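Chemist: Predicted model and sequence below, questions to follow.
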Amino acid sequence: MQQLSAPIFAFGGGHQLSAYDSHVRNGFAGLSFVLSGPGVTAEAGRLPLRGDLAHIRLAGRYFVPHYVVPMRRNVTGGDVILRKAASDDAEPMEMLAGGTVFNVLDMAGNWAWGQVGEDGFVGYLPLAALDPPA
């Protein structure tokens with residue numbers, strides 16, 4: 001198998017990262033990838049993973065179209081309810097106090113989807129309940 005050396009990323013200032021410099025130290029020789037059945041099932045409510053995106057730390061463990069670096073935000077004001085879906089009528093999961101860290105992974109409409117801290121519940125909060133981005 002021919003070794004890859006063409007740049008796959010080009011950074012400002014001339015630094016390049018080649019395909020050979022990736023996390024695979026010996027190139028791609030000898031590697032095979034097989035779809036061998038259902039994937040690993042995520043723990044409901046605790047893993048920042050949806051069908052369309054996941055936290056960047058899950059790359060390589062779960063297959064989704066997009067991996068996201070979280071935006072750290074804090075709950076402002078008083079208590080707010082973390083919900084299972086982006087709706088005021090959705091099932092509540094947990095009450096979050098003001099100042100609680102919420103790692104936002106997606107925003108749509110008036111809702112943010114993310115995780116409480118680094119390993120807490122995953123769910124939806126109203127955008128108005130979070131501090132503005134820095």
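Modeler: Yep, that arrived. Residues are numbered from 1 along each chain as shown.
Chemist: Do you know the pLDDT at the closest residue to residue 52 other than its chain neighbours?
Modeler: Once flanking residues are discounted, residue 52 sits nearest to residue 65: 6.0 Å by CB to CB, 6 or more residues apart in numbering. C-beta: built from backbone N, CA, C; applies to glycine. Per-residue confidence at residue 65 stands at 95 (pLDDT).
Chemist: My guess is residue 65 contacts residue 50. True?
Modeler: No. Judged on CB atoms under 8 Å, residue 65 makes no contact with residue 50 at a distance of 10.2 Å.
Chemist: more crowded one of these two?
Modeler: Neighbour totals were compared for residue 65 and residue 50, and residue 50 leads with 14 against 8 (other CB atoms under 10 Å).
Chemist: Would you agree that one is in contact with residue 62?
Modeler: No. Residue 50 is beyond contact range of residue 62, at 10.1 Å (criterion: CB under 8 Å).
Chemist: Quickly find the element holding the residue lying closest to residue 56 once chain neighbours are set aside.
Modeler: Closest residue to residue 56 in three dimensions, ignoring its sequence neighbours and counting by CB to CB, 6+ apart: residue 67, at 4.6 Å. For residue 67, the element it lies in under DSSP states H and E is strand 66-68.
Chemist: right, and the helix or strand after that strand?
Modeler: strand 71-74.
Chemist: With just CA atoms, put that following strand into CSV.
Modeler: Provided in CSV are the C-alpha atoms of strand 71-74 (Å, rounded to 0.1, in the frame of the first residue of the first chain):
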residue,chain,number,x,y,z
MET,A,71,-19.5,26.2,24.1
ARG,A,72,-19.3,26.6,27.9
ARG,A,73,-22.2,28.7,29.2
ASN,A,74,-23.7,29.2,32.6
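Chemist: Show me what it is packed against.
Modeler: For strand 71-74, the elements it packs on are strand 101-108, judged by 3 or more CB pairs under 8 Å, 6 or more residues apart in numbering; DSSP states H and E.
Chemist: The strand it packs on: which residues count as buried?
Modeler: Buried residues in strand 101-108, counted by 16 or more other CB atoms under 10 Å: 101-106.
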